[in-house]
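J.: quick one, structure for this:
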Amino acid sequence: MPYLAENSAVTNLIQDLEEFDNREEEEERPGELSDPASSPLDGVSLDNVTNRLQMAGLDRWVARLKEANEKFIVIFTNRNSQQATIVTGATKTARQDTDAAYRAIVKRLNALAEVNGDTDYLEIINNLNNLIDRQKTILATRKTLNAKKAAQKPEGGGKPDDERPGEL
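T.: Take a look at the predicted model:
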């Protein structure tokens, strides 16, 4: 279930159990006869009985369930608040700013190398080129691995045919 639907179900369950526990009179049930002599409570009538959960040993379980559900609501609310503060598109904007700064550096380095000669700028240009080549290799490897994984997966989402045991 979605979180809020599950929380509602648990809250309703707790309310129903607490109502059952604190109900003054038991409802008449059709087809049942109340015979105090045959009662499992040794002649104690179920009318006006409270603390039914305690008698059944469920009172601590209900208390723990209620406490855990309240903790969940606090955590869920805090997570929601944190997610609400996240600026959508901040990563894309930062990436675009970084790309623009990179292009500006490359443009300046190329212009300086052309005007002043490339000997003074060769080391930084080679370092940047090596970094770029390494990143391109990593991206190409990831792309290849992902393509291989996609090719091995059958459309149904199960195991590839070659992993099936032999037929009987």
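
J.: lowest confidence element among the helices and strands of the protein?
T.: None of the helices or strands of the chain scores lower by mean pLDDT, DSSP states H and E than helix 52-56, at a mean of 79.

J.: same for that helix, what does it pack against?
T.: helix 3-22 (3 or more Cβ pairs under 8 Å, 6 or more residues apart in numbering; DSSP states H and E). From N, CA and C alone the C-beta is placed, and that goes for glycine too.

J.: starting at the chain centroid, how far to the helix it packs on?
T.: 23 Å (Cα atoms, centre = their mean, to the nearest Å).

J.: and that helix, what's buried?
T.: 10, 14, 17, 21 (16 or more other Cβ atoms under 10 Å).

J.: which of these scores worst on pLDDT?
T.: Ranked by pLDDT, the buried residues of helix 3-22 bottom out at residue 21 (75).

J.: isn't it right next to residue 56, touching?
T.: No: contact criterion Cβ atoms under 8 Å: residue 21 and residue 56 do not qualify, at 9.3 Å.

J.: follow-up on the earlier one: tell me the one of the buried residues of helix 3-22 nearest residue 119?
T.: residue 10 (72.5 Å; Cβ to Cβ).

J.: now do the closest one against residue 59, distance only.
T.: 17 Å (Cβ to Cβ, to the nearest Å).

J.: one more: residue 15?
T.: Counting by Cβ to Cβ, the gap from residue 15 to residue 59 is 15 Å.

J.: swap in residue 131?
T.: Taking Cβ to Cβ, one finds residue 131 at 65 Å from residue 59.

J.: comparing those two, which residue is more hemmed in?
T.: residue 59 (16 against 10; other Cβ atoms under 10 Å).

J.: residues in contact with that one?
T.: 21, 51, 53 (Cβ atoms under 8 Å, 6 or more residues apart in numbering).

J.: next one: residue 17
T.: 53, 58, 62.

J.: how about the second one, phi and psi?
T.: By that I understand residue 58. phi -100, psi 0 (degrees, to the nearest 10).

J.: look up the closest residue to it, ignoring the ones flanking it.
T.: residue 17 (7.4 Å; Cβ to Cβ, 6 or more residues apart in numbering).

J.: picking up where we left off before, can I get the contacts of residue 17 in a markdown table including distance to residue 73?
T.: Listed next are the contacts of residue 17 as a markdown table, based on distance: Cβ to Cβ, whole Å:
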| residue | distance to residue 73 |
| --- | --- |
| 53 | 22 |
| 58 | 22 |
| 62 | 17 |
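
J.: many thanks, we can stop here.
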